[in-house]
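requesting a structural model of the entry that follows:
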Amino acid sequence: MARILKKGGYRSSSVRKGTEAIDYLNRNKNESRIVISDIDMPEMDGFLLCQQIKANSDLEKIPVILLVSLSSPDDIIKCFQCGADSFVHKPPDEQTLLSRIYSILKNNEIRKEPKNRFNVEAFCGEQKHCINTNNMQAAGLLFSMYDAFTQKNRELEQISSELRKLKESEAKLRDLSFKDELTDTFNRKVFITLVEQQLKIASRTKSGKALFLIDVDNLKLINDTMGHEMGDKALKHVAAVLKGTFRHADIIGRIGEDEFAALLIEAKKDNEKIISDRLQKNLEDYIAKESIRYNLSINTAFVSYDPTYPCSIDELLSWADTLMLGALVSQRRAP
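Predicted coordinates for the structure are as follows:
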């Protein structure tokens, strides 16, 4: 508190008890311009201190600011009842406190004029309170309430923003642990785990699955001749095409440096040709759309999972790899 007041250019004196504050004010009534008191003090709380100041004809003109808890509506009612000029939510916000002090001191001459008093009835919980107040005090306390709730709203917004950022960070960390950072597809470990779960379900429900193995053609050549940055872009391009080709429920993963795999959750007999043709067309459309000027191509292999003869994901990948190598050898031997 003293630090805030000093920063605002004010000289201050402090006491520990309400009785000490009354003694100090009686000795220095001509020099004291404002009283700032916590409501929680030994022997005499802040409300009683304020009440005694306002009941003393020599001290009643001195404005009183009370530090209260915003979570207690009773405290705000008591501020009205004891004659406080303003209140600040504790711990006090520097800007709010200095602004409140400035406003009170600026209007101090108006406060010294005769005041018209009136009664206000207020309900707090199930209890009715009758408050005797004046225009200036009511205005000051209403501004205090507005500032206090505005401050609380700012705090809640800040907390909400921090929680949102924390959730976003957690989501990113979770994605990093599940996903291949470069292509935003599942990494090999997660892909294997997810596919193993699906194969167990398929064996239990006697439903078929299918696996596509996709190899990025000549990735090493792209890296060697055009740089690894271009090679990374090629992988991203292929990943984008795969995401646009397979369904959202299908599982896509990067399982090697230049290899992707996709498990089709609902496999049909004609899946291989339909999806192979769609994949090739989507790749050609993507190359044209992105104006890719180097040779970006893929090799694929397709294997089916028959729940009647269960096998592991490693066996499926091995069969797909063998099929792909066989197809490549046949292509090279072709005239």
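
which stretches of the stretch 1-150 of the chain form strands?
Assigned strands in the stretch 1-150 of the chain, in chain order: 35-38, 64-68, 86-89, 117-124, 127-134 (criterion: DSSP state E, counting those that start in this stretch).

dump the first one to PDB, restricted to CA.
What follows is strand 35-38, C-alpha atoms only, in PDB (Å, rounded to 0.1, in the frame of the first residue of the first chain):
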ATOM      1  CA  VAL A  35      -8.100   7.600   5.200                       C
ATOM      2  CA  ILE A  36      -7.600   4.200   3.600                       C
ATOM      3  CA  SER A  37      -8.400   1.300   5.900                       C
ATOM      4  CA  ASP A  38      -8.600  -2.400   5.600                       C
END
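
which SSE is Val303 in?
Taking DSSP states H and E as the definition, one finds Val303 inside strand 298-305.

okay, the angle between the helix or strand just after that strand and strand 298-305?
Using DSSP H and E, the next helix or strand after strand 298-305 towards the C-terminus is helix 313-333. Comparing the axes of helix 313-333 and strand 298-305 via axes from the mean of the first three to the mean of the last three C-alpha atoms, to 10 degrees yields an angle of 140 degrees.

how close does Phe260 get to Asn223?
Applying C-beta to C-beta, to the nearest Å, the value for Phe260 to Asn223 is 17 Å. Glycine gets a C-beta too; all of them are placed from N, C-alpha and C.

quick one, domains of the chain?
According to automatic domain parsing, the chain is divided into the following domains: 2-159, 188-333.

how about the ones you listed in JSON lines, adding mean pLDDT, mean neighbour count and distance to Asp180?
Shown next, in JSON lines, are the domains of the chain (pLDDT from 0 to 100; neighbours: other C-beta atoms under 10 Å; distance: least, C-beta to C-beta, whole Å):
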{"stretch": "domain 2-159", "mean pLDDT": "74", "mean neighbour count": "16", "distance to Asp180": "34"}
{"stretch": "domain 188-333", "mean pLDDT": "91", "mean neighbour count": "16", "distance to Asp180": "4"}
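
now those as a markdown table including distance to Glu181?
As requested, the domains of the chain are exported to a markdown table (distance: least, C-beta to C-beta, whole Å):
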| stretch | distance to Glu181 |
| --- | --- |
| domain 2-159 | 30 |
| domain 188-333 | 10 |
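
out of the ones you listed, which is closest to Leu182?
Leu182 lies closest to domain 188-333 among the domains of the chain, at 5.9 Å (C-beta to C-beta).

from the chain's centroid, how far away is that closest one?
Domain 188-333 has its C-alpha centroid displaced from the chain centroid by 36 Å (C-alpha atoms, centre = their mean, to the nearest Å).

wait, doesn't Gln51 sit right on Gly83?
Yes: Gln51 is within contact range of Gly83, at 6.5 Å (criterion: C-beta atoms under 8 Å).

which parts of the stretch 201-335 of the chain are helices?
All helices of the stretch 201-335 of the chain, identified by DSSP state H, counting those that start in this stretch, fall at 219-226, 228-245, 271-290, 313-333.

for Pro42, give its distance to Leu98.
Using C-beta to C-beta, we find Pro42 at a distance of 28 Å from Leu98.

and the nearest residue to Ala320 once chain neighbours are set aside, what does it touch?
Counting by C-beta to C-beta, 6 or more residues apart in numbering, the nearest residue to Ala320 once its immediate chain neighbours are dropped is Leu213, at 3.8 Å. Listed by C-beta atoms under 8 Å, 6 or more residues apart in numbering, the contact set of Leu213 reads Glu259, Phe260, Ala261, Thr300, Ala301, Phe302, Val303, Leu317, Ala320, Asp321, Leu323, Met324.

secondary structure element holding the spatially most central residue of the chain?
The centroid of the chain falls nearest to Arg164 when counting by C-alpha atoms, centre = their mean (0.7 Å). If you go by DSSP H and E, Arg164 is part of helix 135-178.

closest one of the contacts of Leu213 to Leu235?
Phe260 (8.6 Å).

and the closest one, how far is that from Lys243?
10 Å.

what does Ala327 give?
Distance from Ala327 to Lys243, by C-beta to C-beta: 24 Å.

hmm, Tyr286 is touching Ala239, no?
No: between Tyr286 and Ala239 there is no contact under C-beta under 8 Å: 10.8 Å.

can I get the helices of the stretch 201-335 of the chain in a markdown table with distance to Glu60?
As requested, the helices of the stretch 201-335 of the chain are exported to a markdown table (distance: least, C-beta to C-beta, whole Å):
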| stretch | distance to Glu60 |
| --- | --- |
| helix 219-226 | 85 |
| helix 228-245 | 75 |
| helix 271-290 | 79 |
| helix 313-333 | 85 |
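
which one of the ones you listed lies nearest to Met1?
Between the helices of the stretch 201-335 of the chain, helix 228-245 lies closest to Met1; by C-beta to C-beta that is 57.1 Å.

who does the closest one touch, helix- and strand-wise?
If contacts are counted by 3 or more C-beta pairs under 8 Å, 6 or more residues apart in numbering; DSSP states H and E, helix 228-245 sits against strand 209-216, helix 219-226, strand 251-254, strand 259-264, helix 271-290.
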